[in-house]
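In: Got a sequence here, can you model it:
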Amino acid sequence: MINETSVLFILQGVFFPPGINFLLIVVGLLLWKHWQRSSLCLFAVSISSLWLLSLPVFTDYLHTSLKNYRIFDYRSISFPEESAILLLGAGDTRTAPEMGNIDTVGPDSLERARYAAFLYNKIEIPIVVSGGRRPGQSSPESVLINQVLIDEFDVTPRWLDTKSQNLLEQAQMSAKILQEQKITDIVVVAHEPELYLPTSELTAKGFNVFPAPLFEQTAQAFFKKKPWIKWLPHYSAFYNNCQYLQQFISRVFYWL
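Out: Purely as a prediction, here's the structure:
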């Protein structure tokens, strides 16, 4: 049975790089016999966009465009009793062999868990963890993060959202939990490019929202010494650019 998540995964594979690039090439080959000029245009668009998405200099541009947040200065804020830290899940690792073939948190989720535990120890307000069960997962993502927080950081979250499937749902379902608990102020922990959607949704629902971003590490110092390297294609740049494009598209759909 194909669910909504599977359909979204298929659509991303076909209509998002690099799938869309290969699709353009296939269409160009099919049109070659009768419309060679159109085929050449499709080939050019496919190859040039792949090259552009592989450039670190384009990564810099997208990253700068998505930067809307500063470092969260927890020392300068006095939080009321009706406050909470919202930790947004960011993926898991399936059947990790080094962990005994169990599902566990992914690298991004682990980073967020560590930062949420750090903030919890500094400002002492409860944590809600958000993330549902994805296809093939043995447990909801929030349950996996909850276990890591308890076992590795000695921090016990107070609430779990175990149903959300994406960033928007994470904000909506967490908002429902926190509204029931009379929470008014929320510190949202996520990586910087992914903060816009949940913070906008929570603000619209009447919460006082404090973004607590984790920042992507870039090789700016290295590029300053050798700026020409920014123009050489690299696989990591392609991955990062595709991630940033997804965030741009998410923002557009949210505005609509």
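In: quick one, helices of this structure?
Out: Secondary structure of the chain by DSSP state H: the helices cover 4-15, 19-31, 36-53, 56-66, 107-123, 141-153, 167-180, 196-204, 220-225, 235-255.
In: Let me know the average pLDDT across the first one.
Out: Per-residue pLDDT over helix 4-15 has a mean of 71.
In: try the longest one
Out: Computed over helix 235-255, the mean pLDDT rounds to 81.
In: other SSEs contacting that helix?
Out: Contact here means 3 or more C-beta pairs under 8 Å, 6 or more residues apart in numbering; DSSP states H and E; on that basis helix 235-255 packs against helix 36-53, helix 56-66, helix 196-204. For every residue, glycine as well, the C-beta is placed using N, CA and C.
In: Quick check: which of those is nearest to residue 133?
Out: Among those, the nearest to residue 133 by C-beta to C-beta is helix 196-204 (19.2 Å).
In: how much does that closest one deviate in direction from helix 56-66?
Out: Interaxial angle, helix 196-204 versus helix 56-66 (axes from the mean of the first three to the mean of the last three C-alpha atoms, to 10 degrees): 0 degrees.
In: about what we covered before: lowest-confidence stretch among the helices and strands packed on helix 235-255?
Out: Note on those: lowest mean pLDDT is at helix 56-66, with a mean of 81.
In: still on that earlier bit, closest to residue 75 out of the helices of the chain?
Out: Evaluated over the helices of the chain, closeness to residue 75 peaks at helix 107-123, with 8.1 Å, by C-beta to C-beta.
In: helices or strands up against that closest one?
Out: Here helix 107-123 touches strand 83-88, helix 141-153, strand 185-191, strand 208-214, going by 3+ C-beta pairs under 8 Å, 6+ apart.
In: now do 10 Å
Out: strand 83-88, strand 92-96, strand 102-105, strand 127-130, helix 141-153, strand 185-191, strand 208-214 (3 or more C-beta pairs under 10 Å, 6 or more residues apart in numbering; DSSP states H and E).
In: Off-centre distance for that helix?
Out: How far helix 107-123 lies from its chain's middle: 16 Å, per C-alpha atoms, centre = their mean, to the nearest Å.
In: and what of stretch 205-216?
Out: What separates the centre of stretch 205-216 from the centre of its chain is 14 Å, taken as C-alpha atoms, centre = their mean.
In: Could you pull out the buried residues of it?
Out: By neighbour count on 16 or more other C-beta atoms under 10 Å, the buried set for stretch 205-216 is 207-214.
In: Repeat that for stretch 132-152.
Out: Neighbour-count burial for stretch 132-152 [16+ other C-beta under 10 Å]: 132-134, 140-146, 148-149.
In: hmm, back to that, tabulate the helices of the chain in CSV, adding columns for distance to residue 188.
Out: As requested, the helices of the chain are exported to CSV (distance: least, C-beta to C-beta, whole Å):
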stretch, distance to residue 188
helix 4-15, 23
helix 19-31, 31
helix 36-53, 29
helix 56-66, 16
helix 107-123, 10
helix 141-153, 15
helix 167-180, 8
helix 196-204, 6
helix 220-225, 26
helix 235-255, 15
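In: Please determine how far residue 209 is located from residue 172.
Out: The spacing between residue 209 and residue 172, counted by C-beta to C-beta, to the nearest Å, is 14 Å.
In: Actually, residue 206.
Out: Note on residue 206: its distance to residue 172, by C-beta to C-beta, is 13 Å.
In: highest average neighbour count across the helices and strands packed on helix 235-255?
Out: helix 196-204 (a mean of 19; mean count of other C-beta atoms under 10 Å).
In: which one of the buried residues of stretch 205-216 is nearest residue 118?
Out: Using C-beta to C-beta, residue 212 comes nearest to residue 118 of those, at 9.8 Å.
In: what sits against the closest one?
Out: By C-beta atoms under 10 Å, 6 or more residues apart in numbering, the residues touching residue 212 are 69, 71-74, 85-87, 112, 115-116, 118-119, 186-190, 195.
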